[in-house]
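After the sequence you'll find the predicted model.
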Amino acid sequence: MFTNVIVKTPCKAVTEGITSAPELGKPDYEKALQQHRRYIEALKQCGVTVTVLPADETFPDSCFVEDTAVLTERCAVISNPGAPTRARETEAMIPVIKQFYPEECIEFITAPGTMEGGDVMMVGDTFYIGRSARTNAEGIRQFSEILGKYGYQVVEVPLEKVLHLKTGVNYLEHGHMLVSGEFTGKEEFAPYHRHEIPEAEAYAANCIWVNEKVLVPEGYPTVERIVREMGYEVILVDTSEFRKIDGGLSCLSLRFKAMK
Ligand code: CIR
């Protein structure tokens, strides 16, 4: 169960966030703020305490806090984002994470290692990590060494096309996994009950489980039905503005069980 969530208000510069899909247009700032507020309400419905950090105009992508850390039940790992414009987003997160984790349980990925939290998927005591344009071999080596100390297992998954691991695969607990595109046939995920997402709804493979409820992006009826059939209460959240800059539901928060 998660006790806490950290989010960060989108800044005005969110319109200049990194995107692989410029044809979708730039996010509308006001609409992004509205959608973010609704996202916070949805998280509160899941029984977590939400810490809302103020917007930071220095970093257009800074609302995607997931990429700055991996927060486990035994330690916090501050990442080193591989996107140069995002590398220093972690600095503002450290004092916030210190409120929830004892200093001796806070670890760091350091250069030349890079890692973004969007590449890390937790399945019980196993952490799958995508080797991507943002997370490199050295970052994975450091992450494995750190998590090994805390009794966790780390499994590397090479990515072919998508930005982050969780762009295409998400674990929704109780054995359920949403998989799309390049992840549908991956052997690593064979032990799970894999629900294949059709290409037209691939964006919505990025759903999040929060304390037995699941947040699903609005406008993807097949994914909504699949998640309802798992037996979960679904909360729909419109993320159209974040999608324009490759952001999904998971990217917008850090969900965790606080250690203090
Ligand atoms: C980026 O390219 O870094 C942002 N525009 C999107 C980050 C999405 N984060 C995530 O999937 N965890």
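Alright, I've got the coordinates.

Find the helix or strand that the residue nearest to P10 when sequence neighbours are not counted is a member of.
Nearest in space to P10, with sequence neighbours left out and distances taken as CB to CB, 6 or more residues apart in numbering, is C63 at 4.1 Å. (Each C-beta comes from the backbone N, C-alpha and C, glycine too.) Following DSSP states H and E, one finds C63 outside all helices and strands.

Give the burial count for C63, as a bare number.
Neighbour count for C63, taken as other CB atoms under 10 Å: 29.

pLDDT score assigned to it?
According to the prediction, C63 has pLDDT 98.

so what's it up against?
7-11, 14, 32, 36, 55, 242, 247, 252 (CB atoms under 8 Å, 6 or more residues apart in numbering).

So for the closest residue to the ligand within the chain, what's the pLDDT?
Nearest residue of the chain to the ligand (CB to the nearest ligand atom) works out as G118 at 2.4 Å. You'll see G118 listed with a pLDDT of 98.

picking up where we left off before, tell me the phi and psi of the residue nearest to P10?
When read as degrees, to the nearest 10, the backbone of C63 gives phi -70, psi -20.

what stretches of the stretch 51-200 of the chain score poorly on pLDDT?
Along the stretch 51-200 of the chain, the model assigns pLDDT under 70 to no residue.

Ends of stretch 110-129, what's the gap?
Taking CA to CA, to the nearest Å, stretch 110-129 runs 16 Å from one end to the other.

quick revisit: the residue of the chain closest to the ligand contacts V169, doesn't it?
No - assessed by CB atoms under 8 Å, G118 is found out of contact with V169, at 11.3 Å.

returning to what we had before: so what's the residue of the chain closest to the ligand up against?
Shown in contact with G118 (CB under 8 Å, 6+ apart): 64, 66-67, 134, 163-167, 250-251.

Next, format the residues you listed as JSON lines and append distance to R88.
Putting these into JSON lines (distance: CB to CB, whole Å) gives the following:
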{"residue": "F64", "distance to R88": "14"}
{"residue": "E66", "distance to R88": "16"}
{"residue": "D67", "distance to R88": "12"}
{"residue": "R134", "distance to R88": "15"}
{"residue": "L163", "distance to R88": "20"}
{"residue": "H164", "distance to R88": "19"}
{"residue": "L165", "distance to R88": "23"}
{"residue": "K166", "distance to R88": "22"}
{"residue": "T167", "distance to R88": "23"}
{"residue": "S250", "distance to R88": "22"}
{"residue": "C251", "distance to R88": "18"}
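
which one of those sits closest to E156?
L165 (10.0 Å; CB to CB).

who touches that closest one in this structure?
L165 sits next to 118-121, 128-130, 132, 157, 159 when contact means CB under 8 Å, 6+ apart.

now with 7 Å?
118-121, 128-130, 157, 159 (CB atoms under 7 Å, 6 or more residues apart in numbering).

Name the SS class of the nearest residue in space to it that is not next to it in sequence, please.
Nearest residue to L165 in three dimensions, chain neighbours excluded: G130, at 3.1 Å (CB to CB, 6+ apart). At G130 the chain is in strand, as set by DSSP: H, G, I helix; E, B strand; the rest coil.

which residues touch G130?
Shown in contact with G130 (CB under 7 Å, 6+ apart): 119, 157, 159, 164-165.

Swap in 6 Å and give it another go.
119, 157, 159, 165 (CB atoms under 6 Å, 6 or more residues apart in numbering).

I'd like to know the beta-bridge partner residues of it.
G130 has the following beta-bridge partners by DSSP bridges: V157.

again, but for V5
Using DSSP bridges, the beta-bridge partners of V5 come out as V50, R255.
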